[in-house]
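Participant: Based on what follows, work out the 3D shape:
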Amino acid sequence: MIIDKINQYLTAEGKTIQEHYAQELGKLAEWSFKRQFCQDEEPVIKGKLRLSAAGKCPKQLAYAYHGYERKGKEKDSRSCVVFFQGDMVEAMVVQLARLSGCLLLGVGTNQIGVSLDINGTSVPGHPDGFVLVSNEKGASIGLLEVKSMSSYSYERFEKGEIDEGYKAQIQMYLKSTGCNWCVLVAVNKDSGVMNERHIDYDPDLASKTEENLKKVLLSTPELLPDAPASFDPDAKGLYPWQCLYCSFWGHCRPNAAKVLVGKSYKLKEQPKKEKQTNETA
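Facilitator: Presented below is the predicted three-dimensional model:
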């Protein structure tokens, strides 16, 4: 739908400069550069909850929602670069899609804010955009989401194994907009290869994801929701990578420490008598 048109455009001859697209891309690059490299890390904002985080651990979301101080993974030079790359991949795909003739709405500097009422609270979000398609059955508007991925994640994506967090985010955006489908575009940030998947609205998954957010909204600072059982340590005491990359693991896993296992760091549960001082991930 989108990637085929982009590839056709990039291999075609007779291209002309589209100044307004180039200028918008420049504005987005400037905004992202300032945000990632010229500003301090955004403080934890009590009461903040977003649809984009709908698939994350509810306990992690609750720590932020109730204004807990970060005690775990912090923004570092690597994450700044990764987030900037992600912003630029999205901007590149959007402008290439427009150049190739795709009809996009609410993209780039014209992104549209949405919200979904969950348990009496309006939870906001910002989809990457919308795509308009027209065929013999008529016209239809769907959601557009763009993600940059490592080679490992991209290989899984091509096999149809889509990250649960992405699926949860998309279902919340679909429910909040009334759209029935989404085009998820993935870009392998190691090779530059692009592909896409069509995702339909799934009321069961949307309901399950909404329950995840309800757990956060119904929690209190003293009574937080439990982390998923899949986040329990394994037989060696090692937690999954999501815990190491959580900004609040120091609160949630007080007996854990960041340790080097092979060539990578892991979060590991420590016997109380051998408890180490937590390192910042």
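
Participant: Could you list the low-pLDDT ranges of this structure?
Facilitator: Low-confidence segments of the chain, defined by pLDDT under 70: 273-281.

Participant: List the neighbouring strands of the helix or strand hosting L144 plus their orientation.
Facilitator: Using DSSP states H and E, L144 sits in strand 138-149. Under the criterion DSSP bridges, strand 138-149 sits next to strand 129-135 (antiparallel), strand 181-188 (parallel) in its sheet.

Participant: per-domain residue ranges of this structure.
Facilitator: By the record's domain assignment, the chain is partitioned as 3-218, 229-274 (automatic domain parsing).

Participant: Switch those domains over to CSV; also include mean neighbour count.
Facilitator: C-beta coordinates here come from the backbone N, C-alpha and C atoms, glycine included. Formatted as CSV, the domains of the chain follow (neighbours: other C-beta atoms under 10 Å):
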stretch, mean neighbour count
domain 3-218, 16
domain 229-274, 15
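
Participant: And the next helix or strand past the strand holding L144?
Facilitator: As assigned by DSSP H and E, the chain's next helix or strand after strand 138-149 is helix 151-158.

Participant: The strands paired with strand 138-149: which one's closest to I6?
Facilitator: Nearest to I6 among the strands paired with strand 138-149 is strand 181-188; the distance by C-beta to C-beta comes to 9.0 Å.

Participant: now the angle from that closest one to helix 151-158?
Facilitator: 150 degrees (axes from the mean of the first three to the mean of the last three C-alpha atoms, to 10 degrees).

Participant: Restricting the selection to alpha carbons, write strand 181-188 to PDB.
Facilitator: This file holds the C-alpha atoms of strand 181-188, laid out as PDB (Å, rounded to 0.1, in the frame of the first residue of the first chain):
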ATOM      1  CA  TRP A 181      -7.500  -0.700  10.300                       C
ATOM      2  CA  CYS A 182      -3.900   0.500  10.500                       C
ATOM      3  CA  VAL A 183      -0.900   0.300   8.200                       C
ATOM      4  CA  LEU A 184       2.200  -0.300  10.400                       C
ATOM      5  CA  VAL A 185       5.400   0.600   8.500                       C
ATOM      6  CA  ALA A 186       8.700  -0.900   9.800                       C
ATOM      7  CA  VAL A 187      12.100   0.300   8.800                       C
ATOM      8  CA  ASN A 188      15.200  -1.800   9.500                       C
END
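
Participant: so how far is it off the chain centroid?
Facilitator: The chain centre lies 12 Å from the centre of strand 181-188; the measure is C-alpha atoms, centre = their mean, to the nearest Å.

Participant: Stretch 112-131 too?
Facilitator: 14 Å.

Participant: hmm, who's touching that stretch?
Facilitator: Applying C-beta atoms under 8 Å, 6 or more residues apart in numbering, the contact partners of stretch 112-131 are 1-2, 49-52, 90, 94, 97, 102-108, 111, 141-146, 169, 172-173, 175-177, 179, 183, 210, 213-214, 217-218.

Participant: Which stretches in this structure count as strands?
Facilitator: Applying DSSP state E to the chain gives strands spanning 103-105, 114-118, 121-125, 129-135, 138-149, 181-188, 194-200, 256-261, 264-269.
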